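no sequence on this one, just coordinates:
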Ligand SMILES: *[C@@H]1O[C@H](CO)[C@@H](O)[C@H](O)[C@H]1NC(C)=O
Ligand SMILES: *[C@@H]1O[C@H](CO)[C@@H](O)[C@H](O)[C@H]1NC(C)=O
Ligand SMILES: *[C@@H]1O[C@H](CO)[C@@H](O)[C@H](O)[C@H]1NC(C)=O
Ligand SMILES: *[C@@H]1O[C@H](CO)[C@@H](O)[C@H](O)[C@H]1NC(C)=O
Ligand SMILES: *[C@@H]1O[C@H](CO)[C@@H](O)[C@H](O)[C@H]1NC(C)=O
Ligand SMILES: *[C@@H]1O[C@H](CO)[C@@H](O)[C@H](O)[C@H]1NC(C)=O
Ligand SMILES: *[C@@H]1O[C@H](CO)[C@@H](O)[C@H](O)[C@H]1NC(C)=O
């Protein structure tokens, strides 16, 4: 080929290439990119599409506002900036951080054109990170395993830490802006996904850790009705204890304001505090938020047109007052194992508990005349016996902590929801490359918090390695994709794939809690935690009072 020939070839090549990646959305056009999986398949990606106006200035802390239409073609070819975070994230946003961070990423297994029938099921992923870290970046969530199943995948950024969760607990700064971001991204998905080949009536939301809590919050928000037809919560759910009380939320907001202007006191109005915080440099907000404990998080808002969540969560769940969609919910076999770097730190935790058993009491309002010590003694006895000590029983430290932070709420939600919708409960116990943990405690489970995620997405820092890793991925992704497509992880109108060992994953019934144990094998069995469920029911019913917010 002479140089003119290759020029023409390149021109034709590039224009074809460009065309198939151009998608015309009602509000503007976007150009994407392709990428190849290691087995040579080509996938399509449109990354960094704005779904809300940049939440700057007077929009800081406020509910997100829909993005305005744009002219020309938006290059949706790389991850845009992530939202500001605090602490040390597992993976940092690859393009750095900005307040202008409200973007979605869309992935498709197929090129799209006018003839594409918008019939693909859509997976909408909400990342974790304690509501103060994380992003929807490709390096954390390469969705290749789901694309291979023919799904469209959407990942998002939402505002984090103070920028996403500061509240004055009145109608000045309602709070939960980060959850409202997620909801607006779901609205965007409903309105735009058909142009990528997705079925807008066939969206399933999925999240892990704070992402599971986010999915759980979307389930409770009346405004989410109609935005999704299924929900998946892993290691975090609607009942997880993340809520700030009115008092705590106000305290955090005024504390942050007083760091920026030391003259701020409780006597300053919400409006004064809001104005101060909206005009402060974002770097200051983040720097000071970084040092503040407890973390900024969800609140029950006052009633207003823009509020997301106003009623106690447990009661909503119990009364069927939630978005009634089929659900997968579960936990890893020893979630809190991930908290400890070595045996000594676990021993220290045991000693702290022994020194003050009151630490065992959940964040529950206690009835009048109830002595917290009495409740603590009962919990202590349940876990280590009357004469036992936590320092001498390290598996009990983990058992108590994992149950307190994860298992109890997971079971409770499964049981409550199962009165209204099919709920599939699992326990993930497969010990694979990503579950590599610092400590091993005989008598405790082996899979800590977050170790499930790399089986669903390729996470750059935690690649799968062994054959059994990949078999487990295949099982999980098959079960999850079946659920996303048909609302049932093991539908009987499909030939039972060998990879699923011909199991039938039955839904939980309120009187018969079965769970799928996902380990070296798949085993559906009666819950191992019946005794614990009865015990914790007794603790809540005896010592606390309605309405409950968490459990
Ligand atoms: C287009 O933008 C307008 C104005 O922000 C918004 O109301 C509408 O929902 C958007 N349409 C789509 C399909 O996103
Ligand atoms: C988008 O990318 C193309 C090709 O790299 C480039 O020519 C164009 O200037 C870019 N557009 C914008 C708005 O950045
Ligand atoms: C889209 O999904 C809905 C609900 O899951 C389903 O009823 C409908 O048939 C699907 N549409 C197409 C075009 O596949
Ligand atoms: C979507 O529609 C196309 C074209 O009609 C068809 O070939 C394909 O099987 C359908 N896919 C799904 C998931 O329904
Ligand atoms: C990503 O996942 C796919 C599907 O399981 C796999 O084929 C591929 O090797 C993975 N890529 C990387 C870089 O781990
Ligand atoms: C806080 O209240 C004091 C006393 O009313 C007032 O002087 C000050 O301007 C207020 N601060 C801000 C930032 O509005
Ligand atoms: C607990 O300690 C008390 C007093 O030392 C003793 O009487 C009792 O038998 C012990 N109970 C158990 C279950 O070991």
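Now that the structure is in, tell me what you want to look at. Quick caveat: nothing in here was measured; it's all calculated off a predicted structure. Ligands and ions are numbered 1, 2, ... in the order given.

C-alpha only now, for contacts and for neighbours.
Will do.

can you get me the start-to-end distance on stretch 440-455?
End-to-end distance for stretch 440-455: 21 Å, by C-alpha to C-alpha, to the nearest Å.

buried ones in it?
444, 445, 446, 447, 448, 449, 450, 451, 452, 453, 454, 455 (16 or more other C-alpha atoms under 10 Å).

can you report phi and psi for residue 233?
Dihedral pair for residue 233: phi -120, psi 120, per degrees, to the nearest 10.

what's the closest non-adjacent residue to the residue positioned nearest the centre of the chain?
The centroid of the chain falls nearest to residue 211 when counting by C-alpha atoms, centre = their mean (0.6 Å). Distances taken as C-alpha to C-alpha, 6 or more residues apart in numbering place residue 128 nearest to residue 211, at 4.2 Å, with adjacent residues excluded.

for residue 460, give me its contacts.
For residue 460, the contacting residues are 139, 140, by C-alpha atoms under 8 Å, 6 or more residues apart in numbering.

what about the residue nearest to residue 211, which SS state?
coil (DSSP: H, G, I helix; E, B strand; the rest coil).

how many neighbouring residues does it have?
Number of residues near residue 128 (other C-alpha atoms under 10 Å) recorded here: 24.

run through the residues that contact it.
134, 207, 208, 209, 210, 211, 212 are the contacts of residue 128 under C-alpha under 8 Å, 6+ apart.

and for residue 183?
Contacts of residue 183 (C-alpha under 8 Å, 6+ apart): 218, 224.

pLDDT score assigned to it?
Residue 183 is assigned a predicted lDDT (pLDDT) of 98.

quick one: residues contacting residue 284.
Residue 284 neighbours (C-alpha under 8 Å, 6+ apart): residue 260.

measure it to ligand 5 for me?
For residue 284, the distance to ligand 5 equals 37 Å [C-alpha to the nearest ligand atom, to the nearest Å].

which SSE is that residue in?
If you go by DSSP states H and E, residue 284 is part of helix 282-291.

the closest residue to residue 290 other than its chain neighbours: neighbour count?
Among residues not flanking residue 290 along the chain, residue 86 sits closest, at 5.1 Å (C-alpha to C-alpha, 6+ apart). The local packing of residue 86 (other C-alpha under 10 Å) involves 20 other residues.

make sure residue 393 is actually in contact with residue 384.
Yes: between residue 393 and residue 384 there is a contact under C-alpha atoms under 8 Å: 7.2 Å.

compare the two (neighbour count), which wins?
residue 384 (19 against 15).

OK, contacts around the more buried one?
390, 393, 396 are the contacts of residue 384 under C-alpha under 8 Å, 6+ apart.

gap between it and residue 259?
43 Å.

again with residue 95
If you go by C-alpha to C-alpha, the gap between residue 95 and residue 259 works out to 29 Å.

residue 64 too?
In terms of C-alpha to C-alpha, residue 64 sits 26 Å off from residue 259.

which of those two has more neighbours?
Applying other C-alpha under 10 Å to residue 64 and residue 259 shows that residue 64 carries more neighbours, namely 26 against 14.

now do the contacts for the more buried one.
Contacts of residue 64 by C-alpha under 8 Å, 6+ apart are 52, 53, 55, 177, 180, 181, 184.

one more time with 10 Å, if that's ok
Neighbouring residues of residue 64 by C-alpha atoms under 10 Å, 6 or more residues apart in numbering: 51-55, 102, 158-159, 177-185, 306.

I'd like the distance between it and residue 308.
Applying C-alpha to C-alpha to residue 64 and residue 308 gives a distance of 12 Å.

which neighbours do these two share?
Joint contacts of residue 64 and residue 308 (C-alpha under 10 Å, 6+ apart) are 177, 179, 180, 183.

out of those, which sit inside strands?
Using DSSP state E, no member of the shared contacts of residue 64 and residue 308 falls in strands.
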